[in-house]
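Engineer: only geometry, no sequence info:
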């Protein structure tokens, strides 16, 4: 069989840029070089696309940018590449000097805004190129916590109480917004940017003074903010894989070392613990898996997503938290670890995701 030409894209204009570098490093190390011809393209924080031919080991540190520039100069390649559709329905990378490379599928190992919010997915759709992961609508819905929560509410999906507002509203009438929050909730509450992942910009708040500071922090990342009630619950995650007939992994429980599972602990401190599978009654485990598949289908996800829930400590009631359509993908990230515990190893998981991307593209091509 001929090799599949895969373009792995990493970095991006996002507060989760560094997380993407970690995920992409793991993916590239694990990809089977006998199956795939791999082209790596990094996106800088300013949104510049650069071909990268250097060592995988230099991606996570951020050194890849300088290496990409130097390599381009030495080999008379343009530092600015373009990706274009071809008549064959595949993509072509154009280096600006007449040299091109064909791509069969894109693996966008990108997190957060401009990576898993539907924007880059729309770009690949316009170029008619297969890509790993969820499509435009599901990506944008899942990324926007305010909109997805409204949808879950309409569908009767159990979730924590929430309140969403625009930063502009807050600046124009700060006291009214704060009063509304305190009328709706008792402390503690969580304050989040509506469009962000990896716990970036999230604060657990215990009083009004901290609430104001938390809103200021969240406003650095988005124009829309979500406040959620604090749940006395266990943090549970479940991985989902597939297109029209998705399957759910065994769930995992996160046991935070701090007040909640924050950005620092997820990617740097590593002091939180986890249990896979979560130590829960069998009926609760099956309820989590069933809910995860239901929500995945409701959003019309494809490829992969991680569904995060809470289990109320006093009742074992399952409450949906959120859906991440391109979760952290290092070998120690929860999404692949849950599949490993369920029977799918990391390298096989990458293979399946590429197969699912091509499968979905071919199905859409047949429909015209």
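Structural biologist: Done, it's in. This one's a predicted model, so the numbers in the text were calculated from it and none came from an experiment.
Engineer: can you give me the strands in the stretch 1-150 of the chain?
Structural biologist: For the stretch 1-150 of the chain, applying DSSP state E, counting those that start in this stretch gives strands covering 4-11, 36-43, 49-52, 82-85, 91-94, 100-103, 105-108.
Engineer: reformat those strands as JSON lines; add mean pLDDT.
Structural biologist: Below are the strands of the stretch 1-150 of the chain laid out as JSON lines (pLDDT from 0 to 100):
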{"stretch": "strand 4-11", "mean pLDDT": "95"}
{"stretch": "strand 36-43", "mean pLDDT": "94"}
{"stretch": "strand 49-52", "mean pLDDT": "90"}
{"stretch": "strand 82-85", "mean pLDDT": "72"}
{"stretch": "strand 91-94", "mean pLDDT": "70"}
{"stretch": "strand 100-103", "mean pLDDT": "81"}
{"stretch": "strand 105-108", "mean pLDDT": "96"}
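Engineer: tell me the most buried of these?
Structural biologist: strand 105-108 (a mean of 26; mean count of other Cβ atoms under 10 Å). Quick note: C-beta positions are derived from backbone N, CA and C, even for glycine.
Engineer: mind checking how far it is from the chain centre?
Structural biologist: Strand 105-108 sits 14 Å away from the centroid of its parent chain (Cα atoms, centre = their mean, to the nearest Å).
Engineer: thinking again about what came up before, can you redo the strands of the stretch 1-150 of the chain as a markdown table with distance to residue 172?
Structural biologist: Listed next are those as a markdown table, based on distance: least, Cβ to Cβ, whole Å:
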| stretch | distance to residue 172 |
| --- | --- |
| strand 4-11 | 36 |
| strand 36-43 | 35 |
| strand 49-52 | 38 |
| strand 82-85 | 42 |
| strand 91-94 | 45 |
| strand 100-103 | 47 |
| strand 105-108 | 37 |
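Engineer: which helix or strand in the protein has the lowest average pLDDT?
Structural biologist: Within the chain, no helix or strand scores below helix 263-264, which has a mean of 53 by mean pLDDT, DSSP states H and E.
Engineer: for the helix or strand just after that helix, packing partners?
Structural biologist: Per DSSP states H and E, the first helix or strand lying C-terminal to helix 263-264 is strand 273-275. In terms of contacts (3 or more Cβ pairs under 8 Å, 6 or more residues apart in numbering; DSSP states H and E), strand 273-275 is packed against strand 252-255.
Engineer: could you give the mean pLDDT of the strand it packs on?
Structural biologist: Computed over strand 252-255, the mean pLDDT rounds to 93.
Engineer: what residues of it count as buried?
Structural biologist: 252, 253, 254 (16 or more other Cβ atoms under 10 Å).
Engineer: check contacts around the nearest residue to the first one once chain neighbours are set aside.
Structural biologist: In space, residue 252 comes closest to residue 276 once its chain neighbours are excluded; the distance is 4.3 Å by Cβ to Cβ, 6 or more residues apart in numbering. Applying Cβ atoms under 8 Å, 6 or more residues apart in numbering, we find residue 276 in contact with 250, 251, 252, 253, 337, 338, 341.
Engineer: let's see it at 10 Å
Structural biologist: By Cβ atoms under 10 Å, 6 or more residues apart in numbering, the residues touching residue 276 are 237, 249-253, 334, 337-342.
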